[in-house]
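Visitor: Mind folding the following:
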Amino acid sequence: MIKILLVDDQQILLDGIAEIFSVQPDIEVVGTCTLSELAEEACWRLRPDLVLMDICMEGRTSGIQICERLKKRFPRIRVVLMTGMQEIAFLDWAKAAGADSFIYKEASGEDFAACIRKTMDGTHVYPAALGAPSFGIIGGKLTERELEILQLVCRNRSYEEIAQALGIKKRTVHFHVSNMLEKTGYKSLIGLAVEAAEKGYAGIEAQAEEE
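Guide: Predicted coordinates for the structure are as follows:
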C-alpha cells in the first residue's frame, strides 16, 4: 500500500484528490495539510511514502522550499509537486528542489494514480510544459521576453530596473509593455499585472527575496 500525504491550501481540492485515490486499491491517503509549513511535522508523525504537494500556497513558504526541506530531512520519502498554473519555470524549479515527479492539476484521476505508482517505482515523471499562458479577455499569448518583463513588473520593478536586469534598453521595455497591452486588451499595466500575480507569476521568487 502506498501511503500519501496531500498538501494544498484549497480544502476542496484536497477532498477531490482524496476521493480520486479512495477507489485505488494500492493507494491510501494518510493525511492532509492546508498549510505548507505543517508538512514536515506531518511527515514525521504519519511517515508517508509520498507527499503530493501544490507549488503555490498561502503563507511565506512555497511548495518548492518545502520540497527541498523534505528531501533533506526525509530522503526516503518521494515528493510529487503539482500546479494548475501555466508557468514553464516551475518544471525547472521543481527539478532543482529535488522533486521526484511533477504533475499538472488538469490531469485526470488515472494520470494522478499512474504518476504516483511510477514515482514509487523510481521513475521521474515530468510532463511537457503547457502552452504559453493567455491573459486578458481576448486571451493574448505572450512571448518569453514579455513574460520575463511581466514577472518583474509583478515584483514592483521599475522600467529602468527591468532594463538593467534583462540587459536591454528602457525604451525596449516600453515597446514590450505596449505589445502586451495590445495583445491582452488591457488599458493599463496594472490590470495585467494583477492577473499575472493571481496566476502565480510573482509568487515563488518574491517569497524567496523576503526570506
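Visitor: Do you have the strands of this protein handy? List them.
Guide: 2-7, 27-33, 50-54, 78-83, 101-104, 134-135, 140-141 (DSSP state E).
Visitor: okay if I get the ones you listed as JSON lines plus mean neighbour count and distance to residue 197?
Guide: Yep, even glycine has a C-beta here, placed from its N, CA and C like the rest. Shown next, in JSON lines, are the strands of the chain (neighbours: other C-beta atoms under 10 Å; distance: least, C-beta to C-beta, whole Å):
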{"stretch": "strand 2-7", "mean neighbour count": "23", "distance to residue 197": "22"}
{"stretch": "strand 27-33", "mean neighbour count": "19", "distance to residue 197": "24"}
{"stretch": "strand 50-54", "mean neighbour count": "25", "distance to residue 197": "17"}
{"stretch": "strand 78-83", "mean neighbour count": "24", "distance to residue 197": "15"}
{"stretch": "strand 101-104", "mean neighbour count": "20", "distance to residue 197": "20"}
{"stretch": "strand 134-135", "mean neighbour count": "20", "distance to residue 197": "12"}
{"stretch": "strand 140-141", "mean neighbour count": "16", "distance to residue 197": "17"}
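Visitor: mind checking which of those is nearest residue 122?
Guide: Residue 122 lies closest to strand 78-83 among those, at 9.0 Å (C-beta to C-beta).
Visitor: Dump the closest one to PDB, restricted to CA.
Guide: This file holds the C-alpha atoms of strand 78-83, laid out as PDB (Å, rounded to 0.1, in the frame of the first residue of the first chain):
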ATOM      1  CA  ARG A  78       9.100  10.700  -2.600                       C
ATOM      2  CA  VAL A  79       7.800  14.200  -3.400                       C
ATOM      3  CA  VAL A  80       5.500  15.000  -6.300                       C
ATOM      4  CA  LEU A  81       4.800  18.700  -6.900                       C
ATOM      5  CA  MET A  82       1.700  19.800  -8.700                       C
ATOM      6  CA  THR A  83       0.300  23.100 -10.000                       C
END
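Visitor: Each with direction, which strands does it pair with?
Guide: When pairs are called by DSSP bridges, strand 78-83 turns out to pair with strand 50-54 (parallel), strand 101-104 (parallel).
Visitor: May I see those arranged in a markdown table, with mean pLDDT and distance to residue 122 as well?
Guide: Formatted as a markdown table, the strands paired with strand 78-83 follow (pLDDT from 0 to 100; distance: least, C-beta to C-beta, whole Å):
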| stretch | mean pLDDT | distance to residue 122 |
| --- | --- | --- |
| strand 50-54 | 96 | 12 |
| strand 101-104 | 92 | 11 |
